[in-house]
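Novice: Have a look at this prediction, sequence included:
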Amino acid sequence: MRTYRELFRVPRFRPFFAISALQVAASTVSGPALGTLVYSATDSPLLAALSMFGPSLAQVIGATALMSAADRLPPRAAMSGMALAFAAATAVLASPGLPLPGVFAIILVEGVVAAVGGGVRYGLLHEILPKDGYLLGRSVLNMCTGLAQVGGYAVGGLLVVTLSARGTLLVAACLYAAGAAVARFGLARRPPRASGRPSVGETWRVNRMLWSSGPRRRTYLALWVPNGLVVGCESLFVPYAPGHAGLLFSFAALGMLVGDTVVGRFAAPLRRGRAATPLLLLLAAPYLVFAARPGLPLALALAALASVGFGASLLFQERLMALTPDGITGQALGLHASGMLTMQGVAAALAGSVAQLTSPGTAMAVMAGASLTVTLALAAAGRRDTEPAGMGPTDTGPAAPGPADPGPADAGRVGPGPADPGPVGPGTADSGPGTRRGVSAE
């Protein structure tokens, strides 16, 4: 599958695309509104930031405790039910007089549910599309996420001014409800991908299975760490250029769209493995220049160029699917999405701490240098790897068809989303209520 026309001819992909777009729009619109409400009530920048990006950090709870549900729930019922839950939670957040502990309790629950929802959604995408169409499908969803977030933040800010923050949250609740309706009436009923009841024990068992294979482990690390550290660079756009941060975010989003388009639409299958590591290096290298505090025109060009490298996540997600049996693809992708969002939140906090001690430009260069170091270490580990690309010593199922152990020419595949997929904060337009880099979380 090589064209967008072929992609949208696949039965059920169009409603799936619509659901993803509505949920990303809802999470993006609601972020500034919720941050405004919390800041006006507390006068605390920290609490305002946590209200927007807290769900990303909370996803680690869902990933470690409940992710087995991603493959053990009927996809249509799960997606419509979770969208309704987000609609109800967002409407409650708009309620006057809701105490601050109640606000953060709801945010925590949203993050846990979003972690499972990401696994359900992207596991279903893997079922809907043929294997040769997954990369193109994820590319289109990533582009949709970028565009929805660029427009969503602008629209959300306008709605906060015109309707008030509570009114904007109600608009977001309606968008979630619309997504639930599309899921219920647009998707076909499908059985769960795996049998049995979801549980904490089963989540841990499958997570250990996923982590037991060296190639898969490095794939997860490459999806989480280099990406997250660069999102830490982006989290400093506001202190770096207070009057022009919006332009920096927009140019970074443009670069991400270019990268996703080139990788998803034009990258030849035989070249994908070799392209992954160079793209991760491109993702970080331009931010080294920020130590010299470049002027705005050069800074915009560097941000756009670097973000082309986010296309590497598509290649690593494709590799992850080749290394994962079909019965646990939902949990595998959900673990990727949750780990990615958690790392983005951690990296943003780390970057802010370094900037507090030095300067925003210096901190961006430090985070970029760390990202380059991790990428090169993962590539070197892949060249030394002799383990077959199967399930690993504790796996209980057959290995999915896919490339064997990556050798020197495949070093880019060793390390990565999914997502969802994905809702990015200062660095997460797909880490706050949604994430800008990779998979949308909700």
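Specialist: Structure's in. What do you need? Residues are numbered from 1 along each chain as shown.

Novice: Which helix or which strand is home to I107?
Specialist: Assessed by DSSP states H and E, I107 sits inside helix 100-128.

Novice: and the angle from the helix or strand following that helix to helix 100-128?
Specialist: On the C-terminal side of helix 100-128, the nearest following helix or strand under DSSP H and E is helix 134-163. The directions of helix 134-163 and helix 100-128 differ by 150 degrees, with axes from the mean of the first three to the mean of the last three Cα atoms, to 10 degrees as the criterion.

Novice: counting contacts, what elements does the following helix or strand past helix 134-163 pack onto?
Specialist: Read in the C-terminal direction, the helix or strand following helix 134-163 is helix 165-186, with elements assigned using DSSP H and E. Contact partners of helix 165-186 among helices and strands, from 3 or more Cβ pairs under 8 Å, 6 or more residues apart in numbering; DSSP states H and E: helix 13-42, helix 75-93, helix 134-163. The C-beta positions use only the backbone N, C-alpha and C, and glycine is treated the same way.

Novice: Helix 100-128 and whichever helix or strand comes after helix 165-186, what's the angle between them?
Specialist: Past helix 165-186, heading to the C-terminal end, the next element that is a helix or strand (DSSP H and E) is helix 200-212. Computed with the same axes, to 10 degrees, the direction of helix 200-212 lies at 60 degrees from that of helix 100-128.

Novice: So what's the residue count around A85?
Specialist: Around A85 sit 17 other residues, with neighbours defined as other Cβ atoms under 10 Å.

Novice: Just give the closest residue to it, not the sequence neighbours.
Specialist: Leaving aside its chain neighbours, A85 sits nearest to V113 (6.0 Å; criterion: Cβ to Cβ, 6 or more residues apart in numbering).

Novice: Tell me the pLDDT of that neighbour.
Specialist: Looking at V113, its pLDDT stands at 85.

Novice: if we can go back for a sec, please work out which of the helices and strands packed on helix 165-186 is packed deepest.
Specialist: For the helices and strands packed on helix 165-186, average neighbour numbers computed from mean count of other Cβ atoms under 10 Å are highest in helix 13-42, which has a mean of 24.

Novice: related to what we said a few turns ago, mind putting the helices and strands packed on helix 165-186 into a markdown table with mean pLDDT?
Specialist: As requested, the helices and strands packed on helix 165-186 are exported to a markdown table (pLDDT from 0 to 100):
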| stretch | mean pLDDT |
| --- | --- |
| helix 13-42 | 85 |
| helix 75-93 | 93 |
| helix 134-163 | 77 |
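
Novice: Among those, single out whichever gets nearest to Y176.
Specialist: Judged by Cβ to Cβ, the one of the helices and strands packed on helix 165-186 that comes nearest to Y176 is helix 75-93, at 3.7 Å.

Novice: you'd agree M343 is up against A222?
Specialist: No - taking Cβ atoms under 8 Å as the contact criterion, M343 and A222 are not neighbours in contact, 11.4 Å apart.

Novice: So for those two, which residue has more residues nearby?
Specialist: Between M343 and A222, counted using other Cβ under 10 Å, A222 has the larger neighbour count: 29 against 23.

Novice: any idea which element that one lies in?
Specialist: Short version, using DSSP H and E: A222 is in helix 214-234.

Novice: what's the following helix or strand after that helix?
Specialist: Stepping forward along the backbone from helix 214-234, the first helix or strand reached (DSSP H and E) is helix 237-240.

Novice: how about V206, what does it touch?
Specialist: Contacts for V206 were tallied using Cβ atoms under 8 Å, 6 or more residues apart in numbering; they are M67, S68, I328, Q331.

Novice: The last one: neighbour count?
Specialist: Read it as Q331. When neighbours are counted by other Cβ under 10 Å, Q331 comes out with 30.

Novice: ok, it to D43 distance?
Specialist: As for Q331, its distance to D43 is 41 Å (criterion: Cβ to Cβ, to the nearest Å).

Novice: what's the answer for the second one, then?
Specialist: Taking Cβ to Cβ as the measure, S68 and D43 are separated by 41 Å.

Novice: And the two? Which one has more around it.
Specialist: Higher neighbour count among S68 and D43: S68, with 27 against 9, using other Cβ under 10 Å.

Novice: From what I see, that one and S199 are in contact.
Specialist: Yes - taking contact to mean Cβ under 8 Å, the distance of 6.3 Å between S68 and S199 places them in contact.

Novice: pLDDT (mean, whole number) over stretch 311-330?
Specialist: 85.

Novice: Give me the distance between the two termini of it.
Specialist: Looking at stretch 311-330, the gap from its leading to its trailing residue is 21 Å under the measure Cα to Cα, to the nearest Å.

Novice: How far off centre is that stretch?
Specialist: 14 Å (Cα atoms, centre = their mean, to the nearest Å).

Novice: circling back to that earlier point, quick one, the helix holding I107 and helix 13-42 angle?
Specialist: Going by the same axes, to 10 degrees, helix 100-128 is angled at 170 degrees with respect to helix 13-42.

Novice: what angle do helix 100-128 and helix 75-93 make?
Specialist: With the same axes, to 10 degrees applied, the angle from helix 100-128 to helix 75-93 works out at 160 degrees.

Novice: what's helix 100-128 packed up against?
Specialist: Here helix 100-128 touches helix 13-42, helix 45-65, helix 75-93, helix 134-163, helix 329-357, going by 3+ Cβ pairs under 8 Å, 6+ apart.

Novice: which residues touch the third one?
Specialist: Taking contacts as Cβ under 8 Å, 6+ apart, the residues outside helix 75-93 that touch it are 19, 23, 26, 30, 34, 37, 69, 98, 103, 106, 109-110, 113, 116-117, 120-121, 123-124, 127, 169-170, 172-174, 176-177, 179-181, 183-184, 187-190, 192, 442.

Novice: what's the angle from that helix to helix 329-357?
Specialist: Interaxial angle, helix 75-93 versus helix 329-357 (the same axes, to 10 degrees): 30 degrees.

Novice: In PDB, list the C-alpha atoms belonging to helix 75-93.
Specialist: The C-alpha coordinates for helix 75-93 follow below in PDB (Å, rounded to 0.1, in the frame of the first residue of the first chain):
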ATOM      1  CA  PRO A  75     -12.300  -2.600  20.400                       C
ATOM      2  CA  ARG A  76     -15.500  -0.800  19.300                       C
ATOM      3  CA  ALA A  77     -17.100  -0.900  22.800                       C
ATOM      4  CA  ALA A  78     -13.800   0.100  24.500                       C
ATOM      5  CA  MET A  79     -13.200   3.100  22.200                       C
ATOM      6  CA  SER A  80     -16.800   4.400  22.400                       C
ATOM      7  CA  GLY A  81     -16.900   3.800  26.200                       C
ATOM      8  CA  MET A  82     -13.600   5.600  26.800                       C
ATOM      9  CA  ALA A  83     -14.500   8.500  24.600                       C
ATOM     10  CA  LEU A  84     -17.800   8.900  26.700                       C
ATOM     11  CA  ALA A  85     -15.700   8.700  29.900                       C
ATOM     12  CA  PHE A  86     -13.500  11.500  28.700                       C
ATOM     13  CA  ALA A  87     -16.600  13.500  27.700                       C
ATOM     14  CA  ALA A  88     -18.100  13.100  31.200                       C
ATOM     15  CA  ALA A  89     -14.800  13.800  33.000                       C
ATOM     16  CA  THR A  90     -14.200  17.000  30.900                       C
ATOM     17  CA  ALA A  91     -17.700  18.200  31.600                       C
ATOM     18  CA  VAL A  92     -17.100  17.600  35.400                       C
ATOM     19  CA  LEU A  93     -13.900  19.600  35.200                       C
END
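
Novice: Nothing else from me, thank you.
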